[in-house]
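*Asks:* sequence first, then the predicted structure, then my questions.
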Amino acid sequence: MKKIHPEFAYQARELNIQIEDTLGDPPNRVNYAKVVKSLREEFANGFGIDDVNLFSVALVDSLNFTDAAGLLAASEDYDEGDIAKIMRMISCNEDLANKALSSVVDNNPDLARRAIITVFLFKNQKRWTDEDHSLDALQREEDSENDDDDEDQLTPGHDIEHLFDATGEENE
């Protein structure tokens, strides 16, 4: 399993939530299609908002990926990357989505790169792992680091003379 940048993991989870919220309960595919079409139109017309999640929703149903290994490698760095290289790893199967993608690539290439990688990660969740930042995981990590060299832990029969001062005075 490949580890990815934490921000990409966050964005992929957020995309899932956004899609579920847009679909609603029970799922309303007609409303979802209207929202996606509206987002595509806005981005195609130069919509100036810098929002990875919204652009990912606009692209999620239209992108095909031709280089999974390359996109996974690109997911290691959230802040920098080559949009031209990323564009060679995908295809877009819908005209309005393609226009939106072209517009964003021209005006905000980092947004386009981040959204493409987010969509890829969302659609390929079994190819990557998210670092566990829960309290339990942090405690396990801390415990494993301290197991080998923890001198503060006393065990039965442990020499404790070093705990008293060197002059031999008794603690009262």
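*Replies:* Noted; the coordinates are in hand.
*Asks:* and stretch 106-122, what's its mean pLDDT?
*Replies:* Mean pLDDT, stretch 106-122: 96.
*Asks:* stretch 56-67 now?
*Replies:* 95.
*Asks:* again, but for stretch 94-101
*Replies:* Across stretch 94-101, the average pLDDT comes to 96.
*Asks:* so what touches that stretch?
*Replies:* For stretch 94-101, contacts defined as Cβ atoms under 8 Å, 6 or more residues apart in numbering pick out 37, 39-44, 55, 58-59, 61-63, 92, 112. The C-beta positions use only the backbone N, C-alpha and C, and glycine is treated the same way.
*Asks:* ok, now how distant is Leu59 from Lys123?
*Replies:* 11 Å (Cβ to Cβ, to the nearest Å).
*Asks:* buried among the contacts of stretch 94-101? Make that a PyMOL selection.
*Replies:* The buried subset of those, as determined by 16 or more other Cβ atoms under 10 Å, is captured in PyMOL by this line:
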select buried, resi 39+40+42+43+44+55+58+59+61+62+63+92+112
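*Asks:* excluding chain neighbours, give the residue nearest to Asn108 in space.
*Replies:* Excluding the flanking residues, the one nearest Asn108 by Cβ to Cβ, 6 or more residues apart in numbering is Asp50, at 6.3 Å.
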